[in-house]
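J.: Sequence first, then the predicted structure:
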Amino acid sequence: MSSTALRGIGMTSQRTRERMLTRLSEKGIRDETVLTALGAIPRHIFVDEALSSRAYEDGSLPIGFGQTISQPYIVARMTEILRNGQPLGKVLEIGTGCGYQTAVLSKVAKEVYSVERIRPLLMKARNHLRELKLSNIKLKHADGSMGIPEMAPFDGIIVTAAARQIPQELLEQLAVGGRMVIPVGTDEQVLYLIEHIKTAAGSEFRQNKLEAVKFVPLLGGTN
Ligand code: SAH
């Protein structure tokens, strides 16, 4: 076996993945279900082979088309916020990218719908997810700012690109009792949690500002 192959095995082994989980809990991820989900998904298959030795470092990496795979910490954090310690039913993700967050979601939700505007990326994601035999995922090529009205309402909505403002269409597709996590802003971005809360008069949206984040922009139209 060549030394490159050996190095590849070392850097993508279960032990390397476990070290990633230890770092994530040191950084404050508490939800064991989320940590188990990240431990179950081989992140290296979502990046180009040349980058696979860096797949379990806590950083974002390029996936082509000017886009990135999110940092493991942010994937874990957003999943933890969305879950709020409860099993998830139907979840909508906007910004599939290479499909890593989608795969993690498929481990903690009953059904996952994910929308991507760049077709070749969506095709890459489809191949990765097929390789992992994850069957509770449906992918769609579209402008995700519109959501998927025909499949609404969603118990959780996760947006993995930064919006200038919170799309009204997505609020309308959030179930009562549901939660949405979404980065908002341009140069300075903040992660928001939107809760759709039942009230005596009906329901209302409660906005919580969480932490500073860095995402690629949520763009209109498709490619
Ligand atoms: N969820 C990914 C993150 C990918 S980066 C992960 O797990 O790593 C964000 C992705 O959002 C990019 O692929 C980008 O093309 C996509 N995106 C940006 N605007 C979008 C829109 N309006 N609809 C759907 N996808 C969008």
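T.: Everything's here; your move.
J.: got the residue ranges for the helices in this structure?
T.: With helices called from DSSP state H, the chain shows them at 3-12, 14-26, 32-40, 72-83, 100-108, 119-131, 168-172.
J.: which of those is buried the deepest?
T.: Across the helices of the chain, averaging neighbours per residue (mean count of other Cβ atoms under 10 Å) puts helix 100-108 on top, at a mean of 25. All C-beta spots, glycine's among them, are computed from the backbone N, C-alpha and C.
J.: how distant is that helix from the center of its chain?
T.: The chain centroid and the centroid of helix 100-108 are separated by 7 Å under Cα atoms, centre = their mean, to the nearest Å.
J.: what comes up buried for stretch 80-95?
T.: By neighbour count on 16 or more other Cβ atoms under 10 Å, the buried set for stretch 80-95 is 80-83, 88, 90-95.
J.: contacting residues around it?
T.: Residues outside stretch 80-95 that contact it (Cβ atoms under 8 Å, 6 or more residues apart in numbering): 29-31, 33-34, 101-102, 105, 108-116, 144-145, 147-148, 151, 153-161, 170, 173, 179, 181, 191, 193, 210, 216, 218.
J.: Contact residues of the protein facing the ligand?
T.: 67-70, 75, 94-95, 97-98, 100-101, 115-118, 121, 143-145, 160-161, 216, 218-219 (Cβ under 6 Å from any ligand atom).
J.: Kindly recompute the last result at 5 Å.
T.: By the rule Cβ under 5 Å from any ligand atom, the part of the chain lying against the ligand is 67, 69-70, 95, 97, 100-101, 115-118, 143-145, 160-161, 218-219.
J.: low pLDDT regions in this protein?
T.: Low-confidence segments of the chain, defined by pLDDT under 70: 1-12.
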